[in-house]
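Student: This is a predicted model, with the sequence first.
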Amino acid sequence: MKPSIIVSSNDLERLEGLLTLPAFRSRSDLDGLRAELERADVREPQDMPADVITMNSRARFREEGTGREYELTLAYPKDANAEAQRVSIFSPAGSALLGLSAGQSIDWITPDGKALHLKVLEVTWQPEANGEYEL
């Protein structure tokens, strides 16, 4: 069962806009993101809980199988950068992370077919919690 997710109305509007662009409209690999947006609890940016992963949020995770911890920023495709640990919302990992809260876990398959169980430890920075509604 997928965990419940919360998405800000600003993020929803921007992501739906991107998904309607000709370059992305027909991409079936983005159907997972479309499904996540459809099932999300949508809230106004000022009403977002501070422990929810929104666009441009930075969060700490733990791989439950290995205990490995790392920090990632959820980024728009144009801002994604593996070296800077900025994961694209258009990647399977990115779309799975959107809207998760600290303490929630997800299962997902890496591009090389490895199954991972990730737990969100904390959201270390969130635009909405810092009054940044236009990021």
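Tutor: Arrived safely, thanks for sending. Numbers count the residues shown, from 1 in each chain.
Student: Just checking: what are the partner strands of the biggest strand by length in the chain?
Tutor: In the chain, with assignment by DSSP state E, the single longest strand is strand 115-125. Sheet partners assigned to strand 115-125 using DSSP bridges are listed as strand 58-63 (antiparallel), strand 105-109 (antiparallel).
Student: Quick check: which ranges of this structure have low pLDDT?
Tutor: Counting by pLDDT under 70, the chain contains low-confidence residues at 111.
Student: quick one, helices of it?
Tutor: For the chain, the helices defined by DSSP state H cover 9-19, 22-25, 31-39, 92-97.
Student: looking at those helices, which is buried most?
Tutor: Sort the helices of the chain by mean neighbour count, taking mean count of other Cβ atoms under 10 Å, and helix 92-97 sits at the top with a mean of 21. Using the backbone N, CA and C atoms, a C-beta is placed for each residue, glycine as well.
Student: tell me what it is packed against?
Tutor: Other helices and strands packing on helix 92-97, by 3 or more Cβ pairs under 8 Å, 6 or more residues apart in numbering; DSSP states H and E, are helix 31-39, strand 69-75, strand 86-88, strand 105-109.
Student: Can you give the distance of it from its chain's centre?
Tutor: 5 Å (Cα atoms, centre = their mean, to the nearest Å).
Student: Alright, I will stop here.
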